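[1] what would the 3D arrangement of this be:
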Amino acid sequence: MLSVSSIPAFNDNYIWLLKNDDNHCVVVDPGDAGPVLERLEAEGLSLDGILLTHHHHDHVGGVAQLVERFPSLTIYGPATARFPEVNHPLKDQDSFSLFGSTVSVIEVPGHTLDHIAYYTDGMLFCGDTLFSGGCGRLFEGSPQQMHQSLTKLGTLPDTTQVYCAHEYTMSNLKFAQAVEPDNTALRLCD
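    Predicted coordinates:
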């Protein structure tokens, strides 16, 4: 079973660190290599790979520095030309083994056209598609694509733990309160 912890980056990003019992790990969406390198050194971890959800700089900005430091990294990501550093390209319904766990790939266009999410062991790493109280902003995709992507994610088990890439919870709930002022469920966040 994988263990997961967050590495805070920038103002509100989460870089997720997944590790096994042997101190080997991968990171998800390392927009900044600095905090990743600090965590690796502090915990004596060996970085084996990177999982990328989409091409925005705050998710991929640290990849080059990590590859320079660890040239044999396996880099998983969308199978598009936007990701020249990806050496393990993925598309919808692909799967791969990570530290003995099967990781399933889910294409979730909307935020970007080539956005993917990773599902393993009841955990969803969804980048900028889904957040607590909201979804990602549409940069390239259409509202219909985002709706279809969220519907796809909605088919995952109710017990799924969601690991989004930003901490937007309070701002999302405040926006929801403005849109639905009579929604009593949203009053719980007052």
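
[2] return the distance of the residue nearest the centre of the chain relative to residue 163.
    For the chain, the residue nearest the mean C-alpha position is residue 127 (3.2 Å; CA atoms, centre = their mean). Residue 127 is 9 Å from residue 163, where distance means CB to CB, to the nearest Å. In this view, the C-beta of every residue, glycine as well, is placed from N, C-alpha and C.

[3] give me the common contacts of the two.
    residue 28 (CB atoms under 8 Å, 6 or more residues apart in numbering).

[4] ok, back up a step: partners of the residue nearest to the centre of the chain in the sheet?
    Judged by DSSP bridges, the bridge partners of residue 127 are residue 164.

[5] got a list of what it touches?
    Contact analysis of residue 127 by CB under 8 Å, 6+ apart lists 28-29, 53-54, 59, 108, 111, 115-117, 136, 164-165.

[6] for the chain, which segments count as helices?
    33-43, 57-60, 63-69, 143-153, 169-179 (DSSP state H).

[7] okay, these, which one's buried deepest?
    Counting by mean count of other CB atoms under 10 Å, helix 57-60 has the highest mean neighbour count of the helices of the chain, with a mean of 19.

[8] give me the residues contacting that one.
    Residues outside helix 57-60 that contact it (CB under 8 Å, 6+ apart): 9-10, 13, 29-31, 52-53, 83, 85, 127-128, 165.
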